[in-house]
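1. Here you go, sequence then predicted model.
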Amino acid sequence: MEYAAGDADSSTTEFQFGVGGGSMERVLSRDCSGGATSVRDVPFFEGGAAIVHNFSDVRVGAKVDVVPSKVIAFSDLYGEGSGVMSGLFPGITDTVSGTSVFLTPTIGLNLKNVGLDVGAMVDVTRQSRKVVPTGRIRLGNPKSGFATIGYGANLPMLTGGGFADFGFGGNVGKPGMDFWGGLGWGPYSGTVFSAKQNIPLSPNFVLNLNGLINFSQHIQFGLAAGGTVKF
């Protein structure tokens with residue numbers, strides 16, 4: 001479902017992968033009140049993978065994301081100008097091209113009713129090595145009901161629910177059949193509605209499905225599929 005919240009057994013290794021694509025809205029101009037007067041669709045594709053080893057309640061891992069640079073531009077990270085959101089969320093720009101590869105080592109706690117993961121994300125394809133902190137907090141038991149809030153922790157990074165997200169999840173059937181619904185932000189224009197579904201296909205493999213949508217001037221959406229393999 002999502003990289004940083006789970007219900008892992010002690011001394012296990014999990015490998016997760018995912019690919020996704022969608023379309024975002026690039027605001028070209030605004031009126032005096034701040035409303036968008038001209039927008040353009042920006043289609044994109046992305047992928048990612050992560051590996052996590054669980055030492056009972058402690059987990060360590062690393063995540064790799066491959067994303068078009070134009071849809072994951074940070075104003076304070078790359079020094080870009082118009083079109084890139086400042087502050088917490090990345091934005092879309094016309095002045096950055098190519099593909100960014102992000103490496104994020106992580107460490108966290110995975111207790112029964114509380115989970116916390118923190119990471120440090122670096123774009124290894126650029127000379128700038130500025131670190132973007134990432135993380136996710138889970139409150140509640142993954143086997144019943146829980147809430148999560150995350151920043152830069154989804155896999156895939158953007159179609160997995162937005163760069164940042166908040167929502168609620170729980171088990172909806174047999175063990176591992178988990179559903180999550182919530183809201184996401186960045187780099188999409190406005191808030192997106194996001195849903196995630198885990199479908200266990202065997203004791204050691206879970207199918208991960210993600211979808212999000214936003215009804216603004218143009219429909220923004222993202223779809224992703226992947227899997228989690230437990231060793």
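-> That came in fine, so what should we check first? Residues are numbered from 1 along each chain as shown.
2. as a whole number, average confidence for stretch 129-149?
-> The average pLDDT within stretch 129-149 is 91.
3. Give the other helices and strands that the strand or helix carrying F168 contacts.
-> Using DSSP states H and E, F168 maps to strand 164-171. Counting contacts by 3 or more C-beta pairs under 8 Å, 6 or more residues apart in numbering; DSSP states H and E, strand 164-171 is packed against strand 145-151, strand 178-185, strand 192-202. Heads up, the C-betas are built off the backbone N, CA and C, glycines and all.
4. and if we set it to 10 Å?
-> With contacts defined as 3 or more C-beta pairs under 10 Å, 6 or more residues apart in numbering; DSSP states H and E, strand 164-171 has these neighbours: strand 132-140, strand 145-151, strand 178-185, strand 192-202.
5. so which of the ones you listed gets nearest D123?
-> strand 132-140 (8.3 Å; C-beta to C-beta).
6. Neighbouring strands - and their directions - for that closest one?
-> Its sheet considered, strand 132-140 pairs with strand 114-123 (antiparallel), strand 145-151 (antiparallel) by DSSP bridges.
7. Distance from the chain centre to that strand, please.
-> 11 Å (C-alpha atoms, centre = their mean, to the nearest Å).
8. for the helices and strands packed on strand 164-171, which one sits closest to S56?
-> Of all the helices and strands packed on strand 164-171, it is strand 132-140 that lies closest to S56, at 16.7 Å by C-beta to C-beta.
9. got the CA coordinates for that closest one in PDB?
-> Extracted C-alpha coordinates of strand 132-140, given in PDB (Å, rounded to 0.1, in the frame of the first residue of the first chain):
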ATOM      1  CA  VAL A 132      15.000  16.700   1.600                       C
ATOM      2  CA  PRO A 133      13.700  15.100   4.800                       C
ATOM      3  CA  THR A 134      10.900  12.500   4.400                       C
ATOM      4  CA  GLY A 135       8.800  10.500   6.700                       C
ATOM      5  CA  ARG A 136       5.500   8.900   7.700                       C
ATOM      6  CA  ILE A 137       3.600   8.500  11.000                       C
ATOM      7  CA  ARG A 138       1.100   5.700  11.600                       C
ATOM      8  CA  LEU A 139      -1.400   5.700  14.500                       C
ATOM      9  CA  GLY A 140      -3.400   2.600  15.000                       C
END
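10. that older thread, got the strands paired with strand 132-140 as TSV, with distance to S23 and mean neighbour count columns?
-> Below are those laid out as TSV (distance: least, C-beta to C-beta, whole Å; neighbours: other C-beta atoms under 10 Å):
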stretch	distance to S23	mean neighbour count
strand 114-123	23	20
strand 145-151	23	20
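11. all helices for this protein, in order.
-> Remark: helices assigned in the chain by DSSP state H are 75-78.
12. Would you map the strands across it?
-> Secondary structure of the chain (DSSP state E): strands at 12-30, 36-55, 58-68, 99-110, 114-123, 132-140, 145-151, 164-171, 178-185, 192-202, 205-215, 219-230.
13. how about the ones you listed, which one is nearest M157?
-> Closest approach to M157 among these is made by strand 58-68 (4.4 Å; C-beta to C-beta).
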